[in-house]
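K.L.:
below are the sequence and a predicted model; questions follow.
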Amino acid sequence: MAQQTPLFDTHVAAGARMVDFAGWDMPVNYGSQIEEHHAVRRDAGMFDVSHMLGLDLEGAGAKAFLRGLVANDVAKLSEPGKALYSCMLNEQGGVIDDLIIYYLSDTSYRIVVNAGTADKDVAWMQARLAASGLSATLAVRRDLAMIAVQGPNARSKTWAALPGSEAASAGLKVFQAAAWGDFFIARTGYTGEDGFELTLPVDQAASTWAALVAAGVKPCGLGARDTLRLEAGMALYGNDMDENVSPLDAGLAWTVDFKDASRDFVGKAALVTNGASKQVLGLILEDKGILRSHQQVFTATGEGETTSGTFSPTLEKSIALARLPLGVAVGDAVEVDIRGKRLKARVVKPPFARNGKAMI
Amino acid sequence: MSNPTDLRYTASHEWVRVEADGTLTIGITNHAQEALGDVVFLELPEAGRVVAKEEAIAVIESVKAASDIYAPVAGEIIASNDAAVDAPESVNADAYAAWLFKLKPANAADVDALLDAAGYEATLG
């Protein structure tokens, strides 16, 4: 039996097509996925992301614990509400999950992890915490719902839907959050557009969703969420990286912080020893067809693999993220095996689209 | 949208129209296009290809995923719909108007084994 978010009944009543995603019954679309995609690039759309899990880490040892737990360095956070994207690695340098950490104070952090990895993440964190001897507690917040409102008009429509929220959130910089009553408003997202991710009490989810609909925010499913994040060049856990892939091979070197040589974190030794053996670049298919994940890529310097592929509604072409040999360069012509045929593709630098515009 | 009662169906979601000359016109059902979502690419068989019953002979790709389309009976492909290839979204707009290929059955009686509309709807549960 799949789990349901607090908005399940709302989605069903709106005619959403529901699918199983990581053990959750989630809307994949409410009609046309392409229309939902364009709504986010051009106006404002929203996603129920309540399947993701919020965690609160609190205590005198919280900062030291996180500095050892994840590959990015929370020590660079000092402004309340500031967010940090990071991978949490195993000892082999593989990615257990990618997550967002919000700094509230040196003794208080909000962490948001993926749905499919939530149970193993919590178990891993609790075990590391117990072993560390540091003083901190980790609280699981299944009492919270999350709604991502995204698009060029997302912020203004959120303010129209939630009177009083503007004063609390108008001054937020990108990747920063603030509390507003029971709400936590973050200027973050997973689409390549401006907008907010709202965290709120479960019992206010349906009324908030309805107010956003009334303000002209279009409900969007996980289908559009995937095409938007892929156009924006953002990695999806399980597709673009997993426990057997290092962030250095997954295009996520920018999230690994080696600056403080005295800081150790889980997986650091493996990353230092192994370095990068692959790079992640974009592909645009020049022949007809659709790129999908885990198709073989043939380049002049060896073979690679697509990790995510789809049809890009913005470019009206098929695009992919691909893990390729280090010798491959932007502009190279490559071939991709699609159902036994080798089709021509061109190597590009992601993102493919952001802020309403094609970037390629 | 209900499934037209003058068509035959397969459990793999193809519809089949028996033309006056005994040839078959084939597409995918409304249920199939709804499940696939926005269709963005079609790869259809070429005329002259001889196909076996339930052979995967075409591919339909939505934004979400790729799916095979199967020959409902054995026979020879006599045409495919270039207009649908050029406008894959026409399958979403009207799955029963956007035919995909035409087939001359090896044995006209094979069509009798296909589902009728009620039988097809029963497979959808």
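P.N.:
Noted; the coordinates are in hand.
K.L.:
buried residues in stretch A:114-134, which are they?
P.N.:
A:Asn114, A:Ala115, A:Gly116, A:Thr117, A:Ala118, A:Asp121, A:Val122, A:Trp124, A:Met125, A:Arg128, A:Leu129, A:Leu134 (16 or more other C-beta atoms under 10 Å in any protein chain shown). Bear in mind the C-beta positions are built from the backbone N, C-alpha and C, glycine included.
K.L.:
could the residues you listed go into a markdown table alongside distance to chain B?
P.N.:
A markdown table is the format used below for the buried residues of stretch A:114-134 (distance: C-beta to the nearest C-beta, whole Å):
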| residue | distance to chain B |
| --- | --- |
| A:Asn114 | 20 |
| A:Ala115 | 19 |
| A:Gly116 | 18 |
| A:Thr117 | 22 |
| A:Ala118 | 24 |
| A:Asp121 | 27 |
| A:Val122 | 30 |
| A:Trp124 | 31 |
| A:Met125 | 33 |
| A:Arg128 | 37 |
| A:Leu129 | 39 |
| A:Leu134 | 44 |
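K.L.:
residue contacts, the closest residue in space to A:His11 that isn't next to it in sequence?
P.N.:
Distance criterion C-beta to C-beta, 6 or more residues apart in numbering or on different chains; nearest residue to A:His11, sequence neighbours excluded, is A:Pro27 at 4.4 Å. Residues in contact with A:Pro27 (C-beta atoms under 8 Å, 6 or more residues apart in numbering or on different chains) are A:His11, A:Ala14, A:Ala16, A:Arg17, A:Met18, A:Val19, A:Asp48, A:Pro219, A:Gly221, A:Leu222.
K.L.:
after the host helix or strand of A:Pro27, next one along is what?
P.N.:
According to DSSP states H and E, A:Pro27 maps onto strand A:24-29. Downstream of strand A:24-29, the next assigned helix or strand under DSSP H and E is helix A:33-42.
K.L.:
that next one versus strand A:24-29: what angle between them?
P.N.:
With axes from the mean of the first three to the mean of the last three C-alpha atoms, to 10 degrees defining the directions, helix A:33-42 sits at 80 degrees from strand A:24-29.
K.L.:
which residues in chain B form strands?
P.N.:
B:8-9, B:14-18, B:24-28, B:39-43, B:50-51, B:56-62, B:66-70, B:75-80, B:101-105 (DSSP state E).
K.L.:
contacting residues around the spatially most central residue of chain B?
P.N.:
With distances taken as C-alpha atoms, centre = their mean, the residue of chain B nearest its centroid is B:Gly27 (2.7 Å). Taking C-beta under 8 Å, 6+ apart, we find B:Gly27 in contact with B:Glu14, B:Trp15, B:Val91, B:Ala95, B:Tyr96, B:Ala98, B:Trp99, B:Leu100.
K.L.:
residues from chain A in reach of chain B?
P.N.:
A:17, A:28-29, A:32-34, A:223, A:227, A:288-290, A:292, A:310-311, A:313, A:318, A:339 (C-beta under 8 Å from any C-beta of the partner chain).
K.L.:
what's the closest residue to A:Val347 other than its chain neighbours sitting at in phi/psi?
P.N.:
Spatial nearest neighbour of A:Val347, chain neighbours left out: A:Asp332 (4.4 Å); criterion: C-beta to C-beta, 6+ apart. The phi and psi torsions at A:Asp332 (degrees, to the nearest 10) take the values phi -60, psi 150.
K.L.:
now A:Asp332: how far from chain B?
P.N.:
Going from A:Asp332 to chain B by C-beta to the nearest C-beta, to the nearest Å gives 24 Å.
K.L.:
next one: A:Leu321
P.N.:
16 Å.
K.L.:
what residues are bridge-paired with that residue?
P.N.:
A:Gly282, A:Ser308 (DSSP bridges).
K.L.:
just A:Tyr237 next, same as before
P.N.:
Under the criterion used (DSSP bridges), A:Tyr237 bridges to A:Met241.
K.L.:
Three-state assignment for the closest residue to chain B within the stretch 51-200 of chain A, please.
P.N.:
Nearest residue of the stretch 51-200 of chain A to chain B, counting by C-beta to the nearest C-beta: A:Thr191, 15.2 Å away. Here A:Thr191 is recorded as coil under DSSP: H, G, I helix; E, B strand; the rest coil.
K.L.:
right, and it touches A:Thr227 too?
P.N.:
No. Using C-beta atoms under 8 Å, A:Thr191 is not in contact with A:Thr227, being 9.4 Å away.
K.L.:
quick one: average pLDDT of stretch B:96-103?
P.N.:
Mean pLDDT, computed over stretch B:96-103, is 98.
K.L.:
what does that stretch contact?
P.N.:
With C-beta under 8 Å, 6+ apart as the criterion, stretch B:96-103 contacts B:1, B:4, B:7, B:15, B:17, B:19, B:23-28, B:30, B:42, B:44-45, B:51, B:57-58, B:60, B:69, B:71-73, B:75-81, B:84, B:90-91.
K.L.:
still on that earlier bit, tell me the bridge partners for the residue nearest to the centre of chain B.
P.N.:
Applying DSSP bridges, one finds that B:Gly27 bridges with B:Trp15.
K.L.:
same thing with A:Gly302?
P.N.:
A:Thr299.
K.L.:
so what pLDDT did it get?
P.N.:
97.
K.L.:
number of residues surrounding it?
P.N.:
13 (other C-beta atoms under 10 Å in any protein chain shown).
K.L.:
next: A:Thr137.
P.N.:
12.
K.L.:
contacting residues around it?
P.N.:
Here A:Thr137 is in contact with A:Leu57, A:Glu58, A:Gly59 (criterion: C-beta under 8 Å, 6+ apart).
K.L.:
OK, contacts around the residue lying closest to the last one once chain neighbours are set aside?
P.N.:
Yep, that's A:Gly59 we're talking about. Nearest residue to A:Gly59, sequence neighbours excluded (C-beta to C-beta, 6+ apart): A:Ala136, at 3.3 Å. Going by C-beta under 8 Å, 6+ apart, A:Ala136 touches A:Leu57, A:Glu58, A:Gly59, A:Ala60, A:Gly61, A:Ala62, A:Phe65, A:Leu129.
K.L.:
change it to 10 Å
P.N.:
A:Ala136 makes contacts with A:57-66, A:107-109, A:125, A:129, as judged by C-beta atoms under 10 Å, 6 or more residues apart in numbering or on different chains.
K.L.:
which of those residues count as buried?
P.N.:
A:57-59, A:61-66, A:108-109, A:125, A:129.
K.L.:
the residues you listed in helices, which ones?
P.N.:
Secondary structure from DSSP state H places A:Ala62, A:Lys63, A:Ala64, A:Phe65, A:Leu66, A:Met125, A:Leu129 of the buried ones among the contacts of A:Ala136 in helices.
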